[in-house]
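**Student:** Below are the sequence and a predicted model for it; my questions follow.
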Amino acid sequence: MVVGETKAYNYEKVTHAINLVLKGARLIGANPDLTGPVENGIVPATKALVAPIELSTGKKAYFVGKPNPLMMRNALKKLGSTREESIIIATGSTRISSPASNPK
């Protein structure tokens, strides 16, 4: 059961999602954002839409979108980045280091 942002959210769809999850479907969210900006304010985003399903089923969603660690690892692997470089990139540090400059 994948939940993403939509304007077509309604009680029937939430009920259907709850029943799918209770029958064993995994609950997957597109991203963990609670709200999103629009011209006249904010709108509920994926985490807000997933919350009633989580609360009704007792199951926590797995979020595949930003800032998913699996997404980061796959992207860094594609770039040929090392584990240490990955930590620096993921934490936003501007310090550049290498295993040779940080002996253990």
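**Tutor:** That came in fine, so what should we check first? Numbers count the residues shown, from 1 in each chain.

**Student:** Please parse the protein into its domains.
**Tutor:** Per automatic domain parsing, the domain ranges recorded for the chain read 2-63, 69-101.

**Student:** Report the rounded mean pLDDT for the last one.
**Tutor:** Spelled out, it's domain 69-101. Averaging pLDDT along domain 69-101 yields 57.

**Student:** Distance-wise, check the nearest residue to Gly65 once chain neighbours are set aside relative to Asn19.
**Tutor:** Nearest residue to Gly65, sequence neighbours excluded (CB to CB, 6 or more residues apart in numbering): Asn31, at 3.2 Å. (Each C-beta comes from the backbone N, C-alpha and C, glycine too.) Separation of Asn31 from Asn19 (CB to CB, to the nearest Å) stands at 24 Å.

**Student:** ok, back up a step: which of the domains of the chain sits most buried?
**Tutor:** Compared across these, domain 2-63 shows the largest average neighbour count, a mean of 14 (mean count of other CB atoms under 10 Å).

**Student:** hang on, the earlier thing: show me the contacts for the residue nearest to Gly65.
**Tutor:** Applying CB atoms under 8 Å, 6 or more residues apart in numbering, we find Asn31 in contact with 45-47, 63-66.

**Student:** Name the nearest of those relative to Leu27.
**Tutor:** Phe63 (9.8 Å; CB to CB).

**Student:** Wait, the closest one touches Leu27, no?
**Tutor:** No: contact between Phe63 and Leu27 fails when scored by CB atoms under 8 Å: they sit 9.8 Å apart.

**Student:** So which elements touch the host helix or strand of Met72?
**Tutor:** Here Met72 is covered by helix 69-79, with elements defined by DSSP states H and E. The contact analysis (3 or more CB pairs under 8 Å, 6 or more residues apart in numbering; DSSP states H and E) places helix 69-79 against helix 83-91.

**Student:** What residues does Tyr9 make contact with?
**Tutor:** 44, 49.
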